[in-house]
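[1] okay, sequence plus prediction incoming.
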Amino acid sequence: MSVYTDWRDIPVEARGSVVALGNFDGVHRGHVHVLNTLRAARPERPLAVVTFDPHPRALFRPQDPTFRLMLPDVRARALLDHGVQSVFQLPFDTDFSRLGAEEFVEDVLIAALGVHHVACGADFAFGHRRGGDTARLEELLTAHGVGLSIVPQLMDENGPISSSRIRRLLQEGYPERAAMELGRLWSIVGPVVHGDQRGRVLGFPTANIPLGQHVEPARGVYAVWVTLPDGRVVPGVANIGRRPTINDGQESRLEVHLFDFSEDLYGQTLSVALVGLLREERRFNGLDALKMQIAADAVQARAMLNL
């Protein structure tokens, strides 16, 4: 799969795809439904996605807390797993946001990408100030002989599956329910950075990973599976939060203790998949009480992971 970040310089071999439009944050079951619909509509053509980075919300509402379900490179790998051959990751900056609806279709989709068919959700809006809707998109594409599949949202017993609903489930402490809507466990991916070695002092050394642009899930302790850069998957227990017992005043972070593991992970990128929330974050009366609780958390995590 190839990722293209400059729509003005698309090679000839990448043109002529059928493309799905959207942010695809999370690449959840609803997104996969869109991809499958597009594939069925034009199976003879390469499958591609037109998406954006940064997410438009980050440009228009920079004051909002971080909210991403996955980072762009992780999104690209997830799309690859579902048969996408090209990702056109359009830089969403101020200039791009000023493109009108007609310019987006004429200049980007037709002239630059040479699309043969397009798919999107029924609520897709595009162009300056979201001036274009699906009716306008169909009108503009039809003028060039390009078809459009408007894909209804995939529903379950709780309503339409969406990135916002998955974010809410994570923030409420239900990673197992979020996993059902994603079609896989939700993961935080990031580099291991140096901490204060407090976990080692407590007898539970941890790998410290910044949350970065990821949405912050409910603060607390989780059973996790950790994927290492070489593909090994190691069980563990993780804390997400601000460590109120130590009260170091720092921002929320992910600290993960890998079971029966002693290798140096500094600088390596880990993928930490949340299996279930064991308990909410709380303050303890001193480090001894905290150490006892961490030991109990580890036992509970092993049980949740069937170890």
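    The structure has been received and is ready for your questions. Residues are numbered from 1 along each chain as shown.
[2] could you check how far the residue nearest to residue 37 when sequence neighbours are not counted is from residue 237?
    Using Cβ to Cβ, 6 or more residues apart in numbering and skipping residues adjacent in sequence, the residue nearest residue 37 is residue 151, 4.8 Å away. Bear in mind the C-beta positions are built from the backbone N, C-alpha and C, glycine included. With the distance defined as Cβ to Cβ, to the nearest Å, residue 151 ends up 40 Å from residue 237.
[3] next: residue 300.
    The gap separating residue 300 from residue 237 is 8 Å, by Cβ to Cβ.
[4] which one of these two has more residues nearby?
    The neighbour comparison of residue 300 against residue 237 (other Cβ atoms under 10 Å) goes to residue 237, with 25 against 16.
[5] so what's that one up against?
    221, 222, 223, 224, 256, 257, 259, 278, 294, 297, 298, 301 (Cβ atoms under 8 Å, 6 or more residues apart in numbering).
[6] contacts only, for the last one.
    Meaning residue 301. Contacts of residue 301 (Cβ under 8 Å, 6+ apart): 221, 222, 223, 224, 235, 236, 237, 259, 278.
[7] ditto for the fourth one
    Under the criterion of Cβ under 8 Å, 6+ apart, the neighbours of residue 224 are 235, 236, 237, 238, 256, 272, 273, 274, 275, 301.
[8] which SSE is the fifth one in?
    I take that to be residue 256. Residue 256 is part of strand 253-258 when elements are defined by DSSP states H and E.
[9] mind exporting that strand as PDB, just the C-alpha atoms?
    C-alpha atoms of strand 253-258 as PDB (Å, rounded to 0.1, in the frame of the first residue of the first chain):
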ATOM      1  CA  ARG A 253       0.200   9.200  30.800                       C
ATOM      2  CA  LEU A 254       0.200   5.500  30.100                       C
ATOM      3  CA  GLU A 255       2.400   3.300  32.300                       C
ATOM      4  CA  VAL A 256       2.500  -0.400  31.500                       C
ATOM      5  CA  HIS A 257       4.100  -3.200  33.400                       C
ATOM      6  CA  LEU A 258       4.800  -6.200  31.200                       C
END
